[in-house]
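1. prediction below, plus the sequence it came from.
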Amino acid sequence: MGHLDHAALGWLTPALSYAMACTGAALGLRCTVRALASTGRARRNWLLTAASAIGTGIWTMHFVAMLGFRVHGTDIRYDVPLTLMSLLVAMIVVCAGVFAVGYGRHRGRALLLGGLTTGLGVASMHYLGMAAVRLHGDVGYDPTRVGLSVLIAVAAATAALWAALDISSPLAVTGASLIMGAAVSSMHYTGMSAVSVRVTPSGAALPGATAMQFVFPLAVGLGSYLFLTAAFVALSPTAGEREATVSARRPVGSGAR
């Protein structure tokens, strides 16, 4: 068995990946709160932004953490199409879960459906991303820990969507985001603890791209998207602020006519 190191770069990758998960969760929750206070096209657009933020945050968290993943005795490469597919899966399933909550008529049913869909999607993204790993050897998984990681993903997703429905103050959203980030990170490292590798030494070149050639630039790009979107959301007026602006511009006495 090859020795696995999940933090080859020290605390840098776990801390940075946690920060990305929290950022995506915070942005997604804020956008969902805005969506629930809106109607029509505005609600759809806010939900799409929320889904892209949460999906991007989760995917970036996973692959930033993977920058610190090493297996002694073999190099590691990543299959580019599968890696991109894992990002697409994250976006689609999170979008489905967020829209289930945003448009669901029955709160409890929408929350359960959204949490289950999003959680299974997060787990699928994780293991699809792991399927993209190329190394000299065979990768195996402990079924019990895999199952536990999936349960954590579903619980984290359900809690995040519940927070989006019941929490609106910025301070509460921040607290919920920190918890959500911890849950997503726990899911990742629980899933990684299920991994075992039987190394087969070989001098043959591995297919795919290295983490620094592909994963790192993409993660930096998506991370930049999160922070730019966060700035946009922070500067966008809320529904209450827009109503206050309209009221302030309305001529005095016009309401009495």
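-> The structure has been received and is ready for your questions.

2. give me the element the residue nearest the centre of the chain is part of.
-> Taking CA atoms, centre = their mean, the centroid of the chain lies closest to residue 58, which sits 2.1 Å from it. Taking DSSP states H and E as the criterion, residue 58 maps to helix 40-66.

3. could I get the full set of strands for the protein?
-> For the chain, the strands defined by DSSP state E occupy 4-5, 70-71, 76-78, 133-135, 137-141, 195-199.

4. CSV for the ones you listed, including mean neighbour count and distance to residue 17?
-> Where you see a C-beta, it was placed from the backbone N, CA and C, and this is true even at glycine. What follows is the strands of the chain, written out as CSV (neighbours: other CB atoms under 10 Å; distance: least, CB to CB, whole Å):
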stretch, mean neighbour count, distance to residue 17
strand 4-5, 14, 15
strand 70-71, 19, 15
strand 76-78, 19, 16
strand 133-135, 19, 16
strand 137-141, 14, 20
strand 195-199, 16, 16
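
5. ok, the residue nearest to the centre of the chain touching residue 122?
-> Yes. Assessed by CB atoms under 8 Å, residue 58 is found in contact with residue 122 at 5.7 Å.

6. identify the contacts common to the two.
-> 90, 94, 184 (CB atoms under 8 Å, 6 or more residues apart in numbering).

7. where in the stretch 1-150 of the chain is pLDDT low?
-> 1-2 (pLDDT under 70).

8. would you map the helices across it?
-> Under the criterion DSSP state H, counting those that start in this stretch, helices of the stretch 1-150 of the chain are mapped to 12-36, 40-66, 80-103, 107-131, 143-166.

9. and the closest residue to residue 216 other than its chain neighbours, its phi and psi?
-> Nearest residue to residue 216 in three dimensions, chain neighbours excluded: residue 67, at 6.4 Å (CB to CB, 6 or more residues apart in numbering). Backbone torsions for residue 67, taken as degrees, to the nearest 10, come to phi -60, psi -20.

10. ok, back up a step: need the contact list for the residue nearest to the centre of the chain.
-> Residue 58 neighbours (CB under 8 Å, 6+ apart): 21, 24, 90, 94, 122, 125, 184.

11. quick revisit: can you put the helices of the stretch 1-150 of the chain in CSV and add distance to residue 212?
-> Below are these laid out as CSV (distance: least, CB to CB, whole Å):
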stretch, distance to residue 212
helix 12-36, 13
helix 40-66, 12
helix 80-103, 14
helix 107-131, 17
helix 143-166, 26
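
12. so which of the ones you listed gets nearest residue 221?
-> helix 40-66 (9.4 Å; CB to CB).

13. sorry, back to before: are any of the shared contacts of residue 58 and residue 122 buried, and if so which?
-> By neighbour count, with 16 or more other CB atoms under 10 Å, the shared contacts of residue 58 and residue 122 hold 90, 94, 184 as buried.

14. show me which of those residues is closest to residue 51.
-> Using CB to CB, residue 94 comes nearest to residue 51 of those, at 4.8 Å.

15. any idea how far residue 188 is from the closest residue to residue 91 other than its chain neighbours?
-> Nearest non-adjacent residue to residue 91, counting by CB to CB, 6+ apart: residue 55, 4.2 Å away. Per CB to CB, to the nearest Å, residue 55 is found 15 Å from residue 188.

16. now swap in residue 229 and tell me
-> In terms of CB to CB, residue 229 sits 22 Å off from residue 188.

17. look at these two and report which has more neighbours.
-> A count of neighbours by other CB atoms under 10 Å puts residue 188 above the other of residue 229 and residue 188, at 27 against 20.
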